[in-house]
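1. Sequence plus predicted model, see below.
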Amino acid sequence: MNEEGGDLQSRPEKDPGGGARPVVGSGGEPEGGWLLALDLSGPRGILVLDGPGRTTHRLIEAGERTGGLFVEAGELMRETGIEPGGLGLLGVAVGPGSFTGVRTAVMAAKTMAEVLRVPLVATDSLSVLAAGMEEERWIFVAVDARRGEVYHALFRVADEGSGPLPEAAEWMEVGSPPEAAEALRGWMEKTGKEPVLAGTGIEAFPEAWPSRLTRRPSPWPQPGALARLCRRAFRRGEVADPILLTPMYLRRPDTGGKGSRGKGECG
């Protein structure tokens, strides 16, 4: 392998029509093949290789460049005995989170999808955190977004057979802790439900949230959670176009001014 991750230049076998032939598992579906996925939205990122009966991963330090990710991916596959042509699916968390991390992850995933000609799916980073808590209930996730703001979302997490996975977020926004807490309280008053709180935003602004709610330690992205979300996206036919896929920032990069608040769309 060269310094730029040269063994990723291999391509899967072509079918007679000229397209790439997806790797299939014992069940005859591409989902049964090997998945390579990454989430670099936080200070500690993960690169995950998931296949039949096995999930392995590497921790990725903040600031890793795209070329370094190719090297890490090649080494992880080599250690597992998987050739680049053996990958059946690629996945990436598109944010919100670290602007640099999210941008690097999306760029790397798009490049690998184009080079290897395998399907690419995307998920949001807050769903990865919610799924990693392994709890079947309502979960409110708030991640410190700096500038006195948090990325926040509310999920209903349920076991779909492969493990706990969040349904579509009730909302996913960026705003001040008081704004996020107001949205949370409004939902609680309307539904009568009390979610669990989790995320670095809960710990960074402890006084902002309803004191009676249970708080969990800030979760790190879990390899199994990222893999389950990517495979569910593929089952649902939510395959991304590598050319059109963009990061989900929720606000503009730091330029010295206050960022705008808004809702995000994954994909």
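-> Here it is on my side, so go on.
2. CA only for contacts and neighbour counts going forward, please
-> Fine.
3. Strands along the chain, start to end?
-> For the chain, the strands defined by DSSP state E cover 34-39, 44-51, 54-61, 87-93, 120-123, 138-146, 149-159, 164-166, 172-175, 196-198, 239-240.
4. which helices and strands does the second one pack with?
-> Secondary structure elements in contact with strand 44-51, counted by 3 or more Cα pairs under 8 Å, 6 or more residues apart in numbering; DSSP states H and E, are strand 34-39, strand 54-61, helix 66-80, helix 223-235.
5. and the strands of the chain as CSV, adding mean neighbour count and mean pLDDT?
-> Below are the strands of the chain laid out as CSV (neighbours: other Cα atoms under 10 Å; pLDDT from 0 to 100):
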stretch, mean neighbour count, mean pLDDT
strand 34-39, 27, 97
strand 44-51, 22, 95
strand 54-61, 16, 92
strand 87-93, 28, 97
strand 120-123, 27, 98
strand 138-146, 23, 97
strand 149-159, 23, 97
strand 164-166, 25, 95
strand 172-175, 23, 98
strand 196-198, 20, 96
strand 239-240, 19, 98
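6. A225 is nearest to which of those strands?
-> Closest to A225 of the strands of the chain, according to Cα to Cα: strand 164-166, at 7.7 Å.
7. Contacts for the closest one, please.
-> By Cα atoms under 8 Å, 6 or more residues apart in numbering, the residues outside strand 164-166 that reach it are 127, 130-131, 134-136, 155-159, 225, 228-229.
8. and of the residues you listed, the nearest to P178?
-> Distances from P178 to the contacts of strand 164-166, taken by Cα to Cα, are shortest for F155, at 19.3 Å.
9. Need the helices and strands packed on strand 44-51 in TSV (columns: distance to T191).
-> Converted to TSV, the helices and strands packed on strand 44-51 look like this (distance: least, Cα to Cα, whole Å):
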stretch	distance to T191
strand 34-39	32
strand 54-61	38
helix 66-80	44
helix 223-235	27
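10. Among the ones you listed, which comes closest to A145?
-> When the helices and strands packed on strand 44-51 are compared by Cα to Cα, strand 34-39 sits nearest A145, at 16.3 Å.
11. List the strands paired with that closest one, with their directions.
-> Strand pairing for strand 34-39, using DSSP bridges, gives strand 44-51 (antiparallel), strand 87-93 (parallel).
12. What residues are bridge-paired with V150?
-> Using DSSP bridges, the bridge partners assigned to V150 are D144, G175.
13. Hmm, it is touching M172, no?
-> No. Contact criterion Cα atoms under 8 Å: V150 and M172 do not qualify, at 10.5 Å.
14. picking that back up, using TSV, lay out the strands paired with strand 34-39 together with distance to E114.
-> Formatted as TSV, those follow (distance: least, Cα to Cα, whole Å):
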stretch	distance to E114
strand 44-51	18
strand 87-93	11
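15. Name the stretch from these that approaches A145 most closely.
-> Once the strands paired with strand 34-39 are compared by Cα to Cα, strand 44-51 is nearest, at 15.0 Å.
16. got the contact list for that closest one?
-> With Cα under 8 Å, 6+ apart, strand 44-51 has contacts from 32-40, 55-62, 73, 76-77, 220-223, 226-227.
17. send the alpha carbons of that strand over as PDB?
-> C-alpha atoms of strand 44-51 as PDB (Å, rounded to 0.1, in the frame of the first residue of the first chain):
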ATOM      1  CA  ARG A  44     -12.900  11.100  19.000                       C
ATOM      2  CA  GLY A  45     -13.900   9.600  15.600                       C
ATOM      3  CA  ILE A  46     -14.400   6.000  14.600                       C
ATOM      4  CA  LEU A  47     -13.700   4.000  11.500                       C
ATOM      5  CA  VAL A  48     -15.800   0.800  11.500                       C
ATOM      6  CA  LEU A  49     -15.500  -2.400   9.500                       C
ATOM      7  CA  ASP A  50     -18.600  -4.500   9.900                       C
ATOM      8  CA  GLY A  51     -19.400  -7.900   8.400                       C
END
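18. could you give the angle of that strand to helix 66-80?
-> Interaxial angle, strand 44-51 versus helix 66-80 (axes from the mean of the first three to the mean of the last three Cα atoms, to 10 degrees): 40 degrees.
19. And the strands paired with strand 34-39: which comes nearest M188?
-> Smallest distance to M188 across those (Cα to Cα): 28.3 Å, for strand 87-93.
20. This completes my enquiry, with thanks.
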